[in-house]
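[1] Just the structure for this:
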Amino acid sequence: MSIISKQSRDLAFDNIRGLLIFLVVFGHALEYFRLSFPFAQFLYVFIYFFHMPVFIFISGYFSKNVQRGREQAVRQFLLPYLLLNLILSLIMLAIGKIDQILILNPGWTLWYLYCMFGWRLLLPDLIRVRHVFILSLIVGALSGFLTEFGTYMAMARTFGFLPFFLAGYYCTPAHIEKIRHFPYRQLLSMLVLVIGLITAFFWVKSGTPAEILWGDRAYALLELPLWQTLPADIYLYALSFAFIFVFLTLGQAKHRFYTTWGQRTLSVYLLHVYLVAPLVEFTEKITNPVLHLSLLFGGSLLILWLLSQPIVTKQLQLVLQRVTHFIMPNKEKR
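    As a prediction, this is how the structure comes out:
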């Protein structure tokens, strides 16, 4: 969901983003259905093992111009977040889902924008800290002990997902090439996929809450013993990084039907919640679970297709540019 110029586009990364943005939409479409259908819960858990960690890794990879990133952080992320979060809050207030407007509690998917604002803003200073990547892993795991870390200002996710952002920043094109030409990459990728599927199976079978995968709350709020939550968190870090390896090895620089999805992820990510909610409402009363799942899958594809149309992305960019320019007009150079 980074803003990348056409000249610097890498089709392999576009293809990875294209697959991931579909999983983001489909995963959100499963949000309520999964509670009554174990196979949907299995799919949901499996998707949540990796879709945002890989996305955030890619965001970090394309954040290497740290000073420009800091300068543009307010325009690119904070102002769009404030605008869209206000709109979402008003809608949720109107339909009775909330009883007050929440400015600094990101609604649903908008936490990503707020986290990106914080990461881009702090990155020039973070990279000056010794062993900051290792430190971020320790802080990310231990932040679950702090009950004040939660949805407020997306604090829990800011710290919890920071290692993936930093890993992307420190990853170089040379590293990517080595991964893509690693001798046993296909075998290792298959092994990671199998481990992920087995983990998702036992996760659902044991009744472990999928909410752990959201990364937005303290261990104490999960109603699970510490010996189970902390090791699970560490294991999830390892599994998520393994899936980053999988996507980097499988991503090919060839134009696919989903390449354009990956080139227009920002509009899909920001707007899909307004279409997923009606889709979930429309399919809610369908009693056949296979038909229900099929409609959610097809509806997610339709939403993705609609929101990745050029007219949608252009209009969204135009609106965001006008709003940010009104609030922060460009100073004329003398």
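[2] ok, residue 119 - contacts?
    59, 60, 63, 158, 162, 165 (C-beta atoms under 8 Å, 6 or more residues apart in numbering). No exception for glycine: its C-beta is placed from N, CA and C like everyone else's.
[3] What about these, which are in strands?
    Nothing among the contacts of residue 119 maps onto strands, per DSSP state E.
[4] if you skip the residues just before and after it, what's nearest to residue 148?
    Using C-beta to C-beta, 6 or more residues apart in numbering and skipping residues adjacent in sequence, the residue nearest residue 148 is residue 155, 7.5 Å away.
[5] The one you found: neighbour count?
    Residues lying near residue 155 (other C-beta atoms under 10 Å) number 20.
[6] returning to that earlier point: so which of the contacts of residue 119 is the most crowded?
    residue 165 (27 neighbours).
[7] which residues are contacting the top helix by length along the chain?
    Longest helix of the chain, by residue count under DSSP state H: helix 226-250. Helix 226-250 is contacted from outside by 16, 19-20, 49-50, 53-54, 57, 137, 140-141, 144, 163-164, 167, 176, 179-180, 182, 185-186, 188-189, 192-193, 195-196, 199, 208, 212-213, 219, 222, using C-beta under 8 Å, 6+ apart.
[8] immediately after it, which helix or strand?
    Using DSSP states H and E, the helix or strand that follows helix 226-250 towards the C-terminus is helix 259-263.
[9] Restricted to helices, list the contacts of residue 119.
    Using DSSP H, the contacts of residue 119 in helices are 59, 60, 158, 162, 165.
[10] Closest one of those to residue 76?
    Minimum distance to residue 76 across the ones in helices among the contacts of residue 119 is 11.3 Å, recorded for residue 59 (C-beta to C-beta).
[11] Helix, strand or coil: sort out residue 208 for me.
    coil (DSSP: H, G, I helix; E, B strand; the rest coil).
[12] For it, which residues are in contact?
    The contact partners of residue 208, taken as C-beta under 8 Å, 6+ apart, are 224, 228, 232.
[13] Around the first one, how many other residues sit close by?
    Going back to what we said before, that points to residue 224. 15.
[14] Next: the one 5 residues further on.
    Around residue 229 sit 20 other residues, with neighbours defined as other C-beta under 10 Å.
[15] That one and residue 44: what is the separation?
    19 Å (C-beta to C-beta, to the nearest Å).
[16] Looks like residue 80 contacts residue 320 (just checking).
    Yes: using C-beta atoms under 8 Å, residue 80 is in contact with residue 320, at 5.3 Å.
[17] Neighbour count: the two, which is higher?
    residue 80 (22 against 19).
[18] If you tally nearby residues, what's the number for residue 220?
    There are 13 residues near residue 220, going by other C-beta under 10 Å.
[19] Distance-wise, check the closest residue in space to it that isn't next to it in sequence relative to residue 258.
    Spatial nearest neighbour of residue 220, chain neighbours left out: residue 147 (5.7 Å); criterion: C-beta to C-beta, 6+ apart. Relative to residue 258, residue 147 is positioned 41 Å away (criterion: C-beta to C-beta).
[20] re earlier: farthest-separated two in the contacts of residue 119?
    63 and 158 (14.7 Å).
[21] Excluding sequence neighbours, find me the nearest residue to residue 17.
    residue 262 (3.4 Å).
[22] residue contacts, that neighbour?
    13, 14, 15, 16, 17, 18, 19, 20, 21 are the contacts of residue 262 under C-beta under 8 Å, 6+ apart.
[23] quick one: average confidence on whatever helix or strand the residue nearest to residue 148 lives in?
    Taking DSSP H and E as the criterion, residue 155 maps to helix 155-160. Averaging pLDDT along helix 155-160 gives 90.
[24] That one - contacts with which helices or strands?
    helix 111-126, helix 132-142 (3 or more C-beta pairs under 8 Å, 6 or more residues apart in numbering; DSSP states H and E).
[25] Out of these, which one sits most buried?
    Highest mean neighbour count among those (mean count of other C-beta atoms under 10 Å): helix 111-126, with a mean of 21.
[26] neighbours of the nearest residue to residue 124 once chain neighbours are set aside, just the number please.
    Excluding its sequence neighbours, the residue lying closest to residue 124 (C-beta to C-beta, 6+ apart) is residue 66, at 4.6 Å. Residue 66: 16 surrounding residues under other C-beta under 10 Å.
[27] hang on, the earlier thing: how about residues contacting the helix holding residue 155?
    Contacts for helix 155-160 (C-beta under 8 Å, 6+ apart): 111, 114-115, 118-119, 136, 139-140, 143-144, 148-150, 215-218.
[28] Same question for stretch 269-283.
    1, 21, 24-25, 28-29, 31-33, 80, 84, 88, 91, 108-110, 112-113, 292, 295-296, 299-300, 303-304, 306-307, 312, 316.
[29] repeat for stretch 299-318
    With C-beta under 8 Å, 6+ apart as the criterion, stretch 299-318 contacts 21-22, 25-26, 29, 260-261, 264, 266-268, 270-272, 275-276, 279, 282-283.
[30] Stretch 75-93 too?
    With C-beta under 8 Å, 6+ apart, stretch 75-93 has contacts from 3, 98-103, 106-108, 110, 113-114, 116-117, 120, 270, 273-274, 320, 323-324, 327-328.
[31] Much appreciated, bye for now.
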